[in-house]
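Participant: Mind folding the following:
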Amino acid sequence: MALTIEIDHAKSRAKTGGGNPSPVVPQSVRGRIRRLKWAILILTLAVYYVVPFLRWDRGPNAPNQAVLLDFENGRFYAFFVEIWPQDLYLVTGLLVLASAILILTNAIGGRLWCGFACPQTVWTDLFLLVERLIEGDRRQRLKNIGARLTLRRAAQIGAKHAAWLFIAFATGGTLVFYFTDAPALVDALAHGEASVTALSWIGVFAGTTYGLAGFAREQVCTFMCPWPRLQGAIWDPEAFTVNYRDYRGEERRSAKKAAELRARGESSGDCVDCGLCVSVCPIGIDIREGPNFACINCGLCVDACDGVMTKLQRPRGLIDYESWNNIERGRRGEARVSRIVRPKTIALTATCLALAAALVVSFALRTSGAMSVQHDRDPLSVRLSDGSVRNAYTVKLLNKSMSPQRYTLGVEGLDATMTIVGSEPGGSITVPADGSETLRVTLTMVDPRDTDVIFVAKEVAGGAALSVRDRFIDR
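Facilitator: Residues are numbered from 1 along each chain as shown. Next up, the predicted model:
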């Protein structure tokens, strides 16, 4: 059968007196999924606000903040992990791994990330909580839309926005803490000594939080975020997304009418068309209309519907996390089938494990130094009066550690005399901490020929050796 995925969700919103759709004003709801969302909100906010103040001893000359993105020195620190600019491949690998995990999650449960852990969802939930505490639940807030401004109403608006701004500036300030020493910046802010740069970025991040969580809300999830648009390519009918069991709920009738029909032995759907599933939706859609790419899979409509079914003494699960294929099986009167483990999820899981293993191995095998070799191009070689041939190279040694390193430089793969311009024969090269050293090197062959040459730099202290392959040219 043909399946239409609804994108336009404005028709399900409450109407104002003028007939125009009002902003989405979600109603509070209680239930197991709402409790899970509160737990995730508390956990994620605690991690976000606390992590910048955790300490991690990395020894002398290194910052002791556990998580720090140090732009000044080109470092990213995350506890025992230290990422350098030369480790861009690791960052790329982490992004690819995160994308693969997101696709795997989508294949299992749809937009679970969006509904439970996305920063937009978390901070919007927090802002909504403040709004409810100050202005009341949905019914009262809808009454306030377009109502006459009174002193009490003005006080509520002022208190709400003051609380939102406090949260926004706390959020913006904490984000800046990840880029500098958090306790030092807190002290500077407390004494009015913070730099203009820090204050500017705090203002930018605070304004973004205030605007997106306070006003944009569902518009971000529906129109600004690219993830809903990708659902057309990766939507999986076997994924356990929020769906309405229409074969059980239709035809919709009021509870009283349904009871009368059932008393006469006639059938009636379980849905009483109370509209609570729409009222609690933070996006403002009606899940009963079918799968909707705007749905963030938060499950609040599941809690709302289960509460109504419990009061009416009807089975829960009229709206539930269910695969679309099972919805169609239910329509045909067939038994439901759970297919979380299937070729797609197995392949995605294997891909995630392989990517994670490759990143771990790459991180374990990396060294604290790097070497590059550049062959002189003009001229490529010089023939000396005794018939030997000399090639010149520029060798650059990079020390990514926080302490000086000493290297000895040699060549392998050919019988040649190596000379380091400006250095004693057989001497070591000292590379400063978090710095580099550029060397001018010549190789002279008495019996010249075109061949590969391997430059090898070994740490005097016995660490890992660096090697780069180049070419000796006899022309």
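Participant: show me where the stretch 51-200 of the chain has helices.
Facilitator: 88-109, 112, 119-135, 138-144, 151-177, 182-190, 196-211 (DSSP state H, counting those that start in this stretch).
Participant: In a markdown table, list those helices along with mean pLDDT.
Facilitator: Converted to a markdown table, the helices of the stretch 51-200 of the chain look like this (pLDDT from 0 to 100):
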| stretch | mean pLDDT |
| --- | --- |
| helix 88-109 | 93 |
| helix 112 | 92 |
| helix 119-135 | 96 |
| helix 138-144 | 91 |
| helix 151-177 | 96 |
| helix 182-190 | 93 |
| helix 196-211 | 95 |
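Participant: Report the distance from stretch 312-327 to the chain centre.
Facilitator: Relative to the chain's own centre, stretch 312-327 is displaced by 31 Å; criterion: Cα atoms, centre = their mean, to the nearest Å.
Participant: Kindly compare burial across the helices of the stretch 51-200 of the chain and name the winner.
Facilitator: helix 112 (a mean of 21; mean count of other Cβ atoms under 10 Å). C-beta coordinates here come from the backbone N, C-alpha and C atoms, glycine included.
Participant: which residues touch that helix?
Facilitator: 105-106, 297 (Cβ atoms under 8 Å, 6 or more residues apart in numbering).
Participant: now do stretch 241-252
Facilitator: Counting by Cβ under 8 Å, 6+ apart, 109-111, 268-273, 277, 287-288, 290-291, 295, 297-299, 301-302, 317-324, 327, 330-331 sit against stretch 241-252.
Participant: pLDDT averaged over that stretch, what's the number?
Facilitator: Mean per-residue pLDDT for stretch 241-252: 93.
Participant: mind checking the end-to-end distance for that stretch?
Facilitator: End-to-end span of stretch 241-252 (Cα to Cα, to the nearest Å): 22 Å.
Participant: If you count neighbours, what's buried in it?
Facilitator: 241-246, 248-249, 252 (16 or more other Cβ atoms under 10 Å).
Participant: Dump these into TSV; add distance to residue 181 and secondary structure as well.
Facilitator: Output for the buried residues of stretch 241-252, formatted as TSV (distance: Cβ to Cβ, whole Å; DSSP: H, G, I helix; E, B strand; the rest coil):
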residue	distance to residue 181	secondary structure
241	44	strand
242	44	strand
243	49	strand
244	51	strand
245	54	coil
246	57	helix
248	58	helix
249	57	helix
252	59	coil
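Participant: ok, of those residues, which one's closest to residue 399?
Facilitator: residue 241 (51.5 Å; Cβ to Cβ).
Participant: distance between stretch 296-310 and the chain's centre?
Facilitator: The answer for stretch 296-310 is 27 Å, by Cα atoms, centre = their mean.
Participant: Show residues contacting it.
Facilitator: So stretch 296-310 is contacted by 26-27, 29-34, 37, 109-112, 114-116, 118, 121, 221, 241-242, 270, 272, 274, 276-283, 287, 315-321 (Cβ under 8 Å, 6+ apart).
Participant: Quick check on these: which are buried?
Facilitator: 26-27, 29, 31, 33-34, 37, 109-112, 114-116, 118, 121, 221, 241-242, 270, 272, 276-283, 287, 318-321.
Participant: so where do the helices sit in the stretch 301-450 of the chain?
Facilitator: 324-331, 343-365.
Participant: Show me the contact partners of the shortest one.
Facilitator: Helix 324-331 has contacts (Cβ under 8 Å, 6+ apart) with 1, 3, 237-238, 241, 243-248, 291, 335-337, 339.
Participant: how far is it from where the chain is centred?
Facilitator: 33 Å.
Participant: What are the buried residues along that helix?
Facilitator: 324, 326-327, 329-330.
Participant: Nearest to residue 49 among the residues you listed?
Facilitator: residue 324 (38.7 Å).
Participant: What distance do you get for that closest one to residue 290?
Facilitator: Distance, residue 324 to residue 290, by Cβ to Cβ, to the nearest Å: 9 Å.
Participant: Over to residue 123?
Facilitator: Distance from residue 123 to residue 290, by Cβ to Cβ: 29 Å.
Participant: where's residue 268, which helix or strand?
Facilitator: Following DSSP states H and E, one finds residue 268 outside all helices and strands.
Participant: ok, the spatially closest residue to residue 207 that is not a sequence neighbour - contacts?
Facilitator: In space, and not counting its chain neighbours, residue 207 is closest to residue 168: 7.3 Å by Cβ to Cβ, 6 or more residues apart in numbering. With contacts defined as Cβ under 8 Å, 6+ apart, residue 168 is in contact with 206-207, 209-210, 213-214.
Participant: is the residue lying closest to residue 179 once chain neighbours are set aside in a bridge, and if so with what?
Facilitator: Closest residue to residue 179 apart from its sequence neighbours, by Cβ to Cβ, 6+ apart: residue 69 at 5.2 Å. Counting by DSSP bridges, residue 69 forms beta bridges with residue 76.
Participant: isn't residue 69 right up against residue 180?
Facilitator: No: using Cβ atoms under 8 Å, residue 69 is not in contact with residue 180; the gap is 9.1 Å.
Participant: between these two, who's got more neighbours?
Facilitator: residue 180 (22 against 13; other Cβ atoms under 10 Å).
Participant: The more buried one touches residue 198, doesn't it?
Facilitator: Yes: Residue 180 is within contact range of residue 198, at 7.0 Å (criterion: Cβ under 8 Å).
Participant: Residue 280 and residue 199, how far apart?
Facilitator: 39 Å.
Participant: Repeat that for residue 243.
Facilitator: 48 Å.
Participant: if I pick the residue lying closest to residue 374 once chain neighbours are set aside, what's in contact with it?
Facilitator: Excluding its sequence neighbours, the residue lying closest to residue 374 (Cβ to Cβ, 6+ apart) is residue 394, at 4.4 Å. By Cβ under 8 Å, 6+ apart, residue 394 lies in contact with 373-374, 376, 438-441.
Participant: Among these, find me the one that's closest to residue 155.
Facilitator: residue 438 (67.2 Å).
Participant: Could you give the number of residues near that closest one?
Facilitator: Residue 438: 11 neighbours (other Cβ under 10 Å).
Participant: Quick check: it touching residue 395?
Facilitator: Yes: in this structure residue 438 lies within contact range of residue 395 using Cβ under 8 Å: 7.4 Å.
Participant: Please produce CSV containing the buried residues of stretch 241-252, extended by distance to residue 76.
Facilitator: Output for those, formatted as CSV (distance: Cβ to Cβ, whole Å):
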residue, distance to residue 76
241, 35
242, 37
243, 41
244, 45
245, 47
246, 49
248, 51
249, 51
252, 54
